[in-house]
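Visitor: sequence and predicted structure are below.
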Amino acid sequence: MPIGRPAPLRRCPGPVARRHFLSAGSLGLGGFWLGDLLRLRAAQAGAASLPSDASVIFVWLPGGPPHLDTYDMKPDAPAEIRGEFRPIRTNVPGIEVCELLPRHAACADRYTLIRSISHEFSDHGGGSKRFLTGRIPREPTGFVNDSPMAGSIVARQLGGRSRGLPAYTALVDAGRSNPDTFAFGGAYLGPSSEPFLVAGDPAEPDFKVMNVSLDEAAARRLADRAALAEGLDRLRRDLDLSGSLVAKDRFDRQALEILTSPAAQAAFDLSREPDAVRDRYGRHRYGQRALLARRLVEAGSRFVTCVLEHPGGRTPKGGFASWDSHAINCHIFEDAKWRLPAYDQAISALVEDLHARGLDRRVLLVVTGEFGRSPRINYQLGTHTRVQQPGREHWPAAMSVLVSGGGLTMGQVVGGTDADGARPRERPLSPNDLWATVYRHLGIDPNATVPDRSGRPMPILPFGQPIAELG
């Protein structure tokens, strides 16, 4: 829906979980035995593109980060637009970022900023669905997809690169372990294409990944199940003329490999990282989750969504749980002073680490939210502070996206907005152009089709072209 005069605001909580997709047990995935999920995924494998060693880390900033206070600052604009912060120079002449992002400034030659992506959906749900699926959603609100999220497309078309690791993983805060919380659902591709959800705070000493780490009782149950399956093998071979039960055994063995795989256990084990590396990323949710994402793609995961919502610790009085910086939710500049240092540390560490480890050609990093924030600052009574405070509203007409690696051209700015940061002034792009770039990196043909629930062929991406400036 086009942007017009903002309606009177109530408190905007942003994405809200409806139910847990991952059950609390060690062996269940939302009521599925993991072998069932793998069987579904293989049944849909169809005409997948040939696998490659390419992978993606997709950093999702739910709520919508303020582009004018991060990557697209307007220091010459009036005060009610430019805000409190000032830009600083980076190590690339002509590129500036917010003064609260000094680590970004030191590695700008290793990322590119895209400043001219936009769309027309100003609701969190509609904006998330529009951005994450590359399609115009049927409903402008709500987080239940009617088209698959890009990560689900990747999981279906390519699968994983390494046995024992999920093809598509999403790292989220506790209580957010449902694909429909952030429009991560697989829609007509079904649950087999949805992410392996890892909820919790990886900065906590007792952090544990459900459905990977087995406790003693679960291990005994799994051993009993395996022994029973072995005892029935001969009977199955005699009775199963179609081979379907033998196939079931094969998928259950694959599920067992994921649950007991040393590779999976090692990839999820942050204690294997040197303290200096963990410190560089930051001992907070943002940093440790970004580090875990790097470990997963390095080990063989194809697509890792890393949700950076709450940085962890105590929320300051002027802060908020997500990037949804309405004045009713937070004091946008006090929130930024709390949030951006952790963000700066985590993203710059990830960018530098991918390059230092030689992963910058095969791993593409994308950092974005569902939209930007309004150019004009408004003031309202804060829900928590109970005082008048500044904020910015939803603004899909302009936003900034950071990309790094993927063998693409770094150290540049693609596109630009007008003097107020309200709309693209040059090189207007859509989320689909970004996804076309991602799919090209992965070797997926965006013109290929996948069947919907009725068997109709649906294009992976209905429109969009790879961003030529990225190479």
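Guide: Received, thanks.

Visitor: buried residues in stretch 441-456?
Guide: Applying a neighbour-count criterion of 16 or more other Cβ atoms under 10 Å, one finds 441-442, 444, 446, 448, 450 buried in stretch 441-456. C-beta here means a position set from N, CA and C on the backbone, and glycine is covered the same way.

Visitor: and for stretch 153-161?
Guide: 153-161.

Visitor: mind checking which of the residues you listed land in strands?
Guide: Judged by DSSP state E, strands contain none of the buried residues of stretch 153-161.

Visitor: list just the nearest of those residues to residue 431.
Guide: Lowest distance from residue 431 to the buried residues of stretch 153-161 (Cβ to Cβ) belongs to residue 153, with 13.6 Å.

Visitor: output the buried residues of stretch 441-456 in a markdown table; the columns should cover distance to residue 396.
Guide: Below are the buried residues of stretch 441-456 laid out as a markdown table (distance: Cβ to Cβ, whole Å):
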| residue | distance to residue 396 |
| --- | --- |
| 441 | 25 |
| 442 | 26 |
| 444 | 26 |
| 446 | 22 |
| 448 | 28 |
| 450 | 27 |
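
Visitor: could you dump the buried residues of stretch 153-161 to CSV with distance to residue 419 and pLDDT?
Guide: What follows is those, written out as CSV (distance: Cβ to Cβ, whole Å; pLDDT from 0 to 100):
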residue, distance to residue 419, pLDDT
153, 37, 98
154, 38, 97
155, 42, 94
156, 43, 94
157, 42, 95
158, 43, 93
159, 47, 88
160, 47, 80
161, 45, 81
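
Visitor: residue 464 belongs to a helix?
Guide: No. Counting by DSSP: H, G, I helix; E, B strand; the rest coil, residue 464 is not part of a helix but coil.

Visitor: what segments of the stretch 51-200 of the chain are strands?
Guide: 55-60, 87-89, 96-98, 112-117, 168-172, 196-199 (DSSP state E, counting those that start in this stretch).

Visitor: in its sheet, what does the second one sit against?
Guide: According to DSSP bridges, strand 87-89 forms sheet pairs with strand 96-98 (antiparallel).

Visitor: tell me which residues are up against the partner strand.
Guide: Residues outside strand 96-98 that contact it (Cβ atoms under 8 Å, 6 or more residues apart in numbering) are 69-71, 73, 85-90, 104-105, 108, 336, 340.

Visitor: also stretch 264-277?
Guide: Outside stretch 264-277, the residues that touch it by Cβ under 8 Å, 6+ apart are 164-165, 198, 202, 207, 209, 212-213, 258, 278, 288, 291-292, 295-296, 298-301, 353.

Visitor: show me those residues that map onto helices.
Guide: 258, 278, 288, 291-292, 295-296, 298-299, 353 (DSSP state H).

Visitor: relative to residue 138, which of these is nearest.
Guide: Top of the list for closeness to residue 138, among these and by Cβ to Cβ, is residue 296 at 32.5 Å.

Visitor: tell me how many other residues crowd that closest one.
Guide: The number of residues packed near residue 296 is 25, by other Cβ atoms under 10 Å.

Visitor: so what's it up against?
Guide: 165, 169, 267-268, 304.

Visitor: do you know the pLDDT at it?
Guide: Reported pLDDT at residue 296 in the predicted model: 96.

Visitor: that one and residue 270, how far apart?
Guide: Separation of residue 296 from residue 270 (Cβ to Cβ, to the nearest Å): 11 Å.

Visitor: mind listing what's buried in stretch 80-91?
Guide: Neighbour-count burial for stretch 80-91 [16+ other Cβ under 10 Å]: 81-83, 85, 87, 90.

Visitor: likewise stretch 184-196?
Guide: Buried residues in stretch 184-196 (16+ other Cβ under 10 Å): 184-196.

Visitor: if I pick the nearest residue to residue 334 once chain neighbours are set aside, what's in contact with it?
Guide: Leaving out its chain neighbours, the residue that sits closest to residue 334 by Cβ to Cβ, 6 or more residues apart in numbering is residue 318, at 3.1 Å. Listed by Cβ under 8 Å, 6+ apart, the contact partners of residue 318 are 330-331, 334-335, 338, 382, 385, 389.

Visitor: in the chain, where is pLDDT below threshold?
Guide: 1-11, 13-51, 211-260 (pLDDT under 70).

Visitor: tell me the secondary structure of the residue nearest to residue 334, please.
Guide: Residue 318 is classified as coil under three-state DSSP.

Visitor: and the gap between it and residue 337?
Guide: Distance of residue 318 to residue 337, computed by Cβ to Cβ: 8 Å.

Visitor: residue 442 is in contact with residue 52, correct?
Guide: Yes. If you go by Cβ atoms under 8 Å, residue 52 and residue 442 touch, sitting 7.1 Å apart.

Visitor: between these two, what contacts are shared?
Guide: residue 158.

Visitor: what sits opposite the residue most central in space within the chain in the beta ladder?
Guide: Residue closest to the mean C-alpha point of the chain, counted by Cα atoms, centre = their mean, is residue 305 at 3.2 Å. Beta-bridge pairing for residue 305 (DSSP bridges): residue 58, residue 170.

Visitor: mind listing what the closest residue in space to residue 372 that isn't next to it in sequence touches?
Guide: Take residue 372 and drop its neighbours on the chain: the residue closest to it by Cβ to Cβ, 6+ apart is residue 399, 3.6 Å away. Going by Cβ under 8 Å, 6+ apart, residue 399 touches 64, 67, 117-118, 368-369, 371-372.

Visitor: next one: residue 54
Guide: 362-364, 406, 441-443.

Visitor: gap between the closest residue in space to residue 435 that isn't next to it in sequence and residue 453?
Guide: Nearest non-adjacent residue to residue 435, counting by Cβ to Cβ, 6+ apart: residue 134, 4.6 Å away. Using Cβ to Cβ, residue 134 is found at 19 Å from residue 453.

Visitor: again with residue 132
Guide: For residue 132, the distance to residue 453 - Cβ to Cβ - is 19 Å.

Visitor: assess the claim that residue 341 and residue 100 are in contact.
Guide: Yes. With contact defined as Cβ under 8 Å, residue 341 and residue 100 form a contacting pair (6.5 Å).

Visitor: isn't residue 412 right up against residue 112?
Guide: Yes. Residue 412 is in contact with residue 112 according to Cβ under 8 Å; the separation is 5.1 Å.

Visitor: now do the shared contacts for these two.
Guide: In contact with both residue 412 and residue 112: residue 469, using Cβ under 8 Å, 6+ apart.

Visitor: many thanks, I have nothing further to ask.
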